[in-house]
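Trainee: Model the following, please.
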Amino acid sequence: MFVVLLMLAHLMRHISPNSGWKERLEQLLEKYPSVPLAGMGFTENWNAHPVWTGKG
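Mentor: From the prediction side, this is the model:
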């Protein structure tokens with residue numbers, strides 16, 4: 001799931017750079033901290049990934 005979300009983040013940056021999609025996803029994940037992110041392929045400090053931050 002994490003790899004798919006990275007691809008979506010990359011596409012959204014190019015298709016709709018002013019979209020709040022990433023921020024809304026981060027808020028959703030913060031709202032449900034019991035969701036097992038590791039099981040979906042999220043790494044530790046996933047939101048610092050270069051693709052996620054727009055630096056990669």
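Trainee: Show me the longest helix that occurs in this structure.
Mentor: In the chain, taking DSSP state H as the definition, the longest helix is helix 2-15.
Trainee: okay, and the helix or strand of the chain with the least pLDDT?
Mentor: Comparing helices and strands within the chain by mean pLDDT, DSSP states H and E singles out helix 50-53 as the least confident, with a mean of 91.
Trainee: Export that helix to PDB, keeping only CA atoms.
Mentor: Taking C-alpha atoms only, helix 50-53 is exported to PDB below (Å, rounded to 0.1, in the frame of the first residue of the first chain):
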ATOM      1  CA  PRO A  50      12.000  12.000  -0.600                       C
ATOM      2  CA  VAL A  51       9.100  11.200  -2.800                       C
ATOM      3  CA  TRP A  52       6.600  12.000  -0.100                       C
ATOM      4  CA  THR A  53       8.300  15.300   0.700                       C
END
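Trainee: for that helix, packing partners?
Mentor: Here helix 50-53 touches helix 2-15, going by 3 or more Cβ pairs under 8 Å, 6 or more residues apart in numbering; DSSP states H and E. In short, each C-beta sits where N, CA and C put it, glycine included.
Trainee: Packing partners of the helix it packs on?
Mentor: When contacts are defined as 3+ Cβ pairs under 8 Å, 6+ apart, helix 2-15 packs onto helix 21-31, helix 50-53.
Trainee: what comes into contact with that helix?
Mentor: Surrounding helix 2-15, the residues in contact under the criterion Cβ atoms under 8 Å, 6 or more residues apart in numbering are 19, 21-22, 25, 37, 40-43, 46, 49, 51-52, 54.
Trainee: No more questions from me, cheers.
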